[in-house]
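Novice: here is a sequence together with a model predicted from it:
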Amino acid sequence: MNQQTELTETVVHINRVAKVVKGGKNFSFSAVVVAGDGAGSVGYGTGKAREVPPAIQKASEQAKRDMVRVPLVGGTVPHLVWGRWGATRVLLRPASPGTGVIAGGGVRAVMEGAGVQDVLTKIVGSRNPFNVVRATFDALSNLMTTDQVRRLRGTEPGGSAAELPEDEPNDDQRVVPVVLDDAIAAVVDKEDGAS
């Protein structure tokens, strides 16, 4: 329970939908909420209801339930990454310390909820707040640290998978000197013949 009380919630957008019926209009509300602990865990949720508070409450409960871990390196994202959802694409780019969160709308809410301190972002395509948040989470799901990449490739830190012994030359080292010697000899023979 203590973890949930420490979470910060941000209402990104509330959408009102009016359905025209015989007796007038029926209004309903949908909300998207981002919840994060500011230390690498963040989640989002959407909720619909006939009133605003229940819609926000539903979205908030879903956001707390579906939290994900974000790999951070020194307060920023490990590498450049694109996220996509529908017609929305979101770019996340690492930034140097002191840059701050250069983001707008739903991307800013997600970055601040995750505890990212320095990042450059760009939204390309649709600016629909629901899709922007989903595209941002798609980008976060594609982030990997160097240790995770090494484990996937099966290489040890500090070593290379394709290292050759020093005393055994590879094929390129055997072929290149022979080709160069032949080319030089041909040029020298031509010059001797011309003089």
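Specialist: Received the coordinates, thanks.
Novice: and the one residue sitting closest to the centre of the chain, how far from residue 116?
Specialist: Nearest residue to the geometric centre of the chain (C-alpha atoms, centre = their mean): residue 139, 3.2 Å. Shown here: residue 139 relative to residue 116, a distance of 12 Å by C-beta to C-beta, to the nearest Å. C-beta coordinates here come from the backbone N, C-alpha and C atoms, glycine included.
Novice: anything in contact with each of these two?
Specialist: Contact criterion C-beta atoms under 8 Å, 6 or more residues apart in numbering; residues shared by residue 139 and residue 116: none found.
Novice: what about the strands in the protein?
Specialist: All strands of the chain, identified by DSSP state E, fall at 8-21, 24-36, 41-49, 67-69, 81-85, 88-94, 101-102, 119-125.
Novice: is the nearest residue to residue 142 once chain neighbours are set aside bridged to anything, and to what?
Specialist: In this structure, residue 142 finds its nearest non-sequential neighbour in residue 81, 5.1 Å apart by C-beta to C-beta, 6 or more residues apart in numbering. With DSSP bridges as the criterion, residue 81 is bridged to residue 92.
Novice: tell me, how many residues neighbour residue 81?
Specialist: By the criterion of other C-beta atoms under 10 Å, residue 81 has 18 neighbours.
Novice: for residue 130, same thing?
Specialist: Neighbours of residue 130 using other C-beta under 10 Å come to 20.
Novice: for it, give its distance to residue 38.
Specialist: Distance from residue 130 to residue 38, counting by C-beta to C-beta: 23 Å.
Novice: next one: phi and psi at residue 80?
Specialist: Note on residue 80: its backbone torsions stand at phi -70, psi 140 [degrees, to the nearest 10].
Novice: quick check: it touching residue 119?
Specialist: No. Between residue 80 and residue 119 there is no contact under C-beta atoms under 8 Å: 10.5 Å.
Novice: out of these two, which sits in the busier spot?
Specialist: Using other C-beta under 10 Å as the criterion, residue 80 and residue 119 rank with residue 119 on top: 22 against 12.
Novice: and the gap between the more buried one and residue 56?
Specialist: Distance of residue 119 to residue 56, computed by C-beta to C-beta: 26 Å.
Novice: same check on residue 140?
Specialist: Counting by C-beta to C-beta, the gap from residue 140 to residue 56 is 23 Å.
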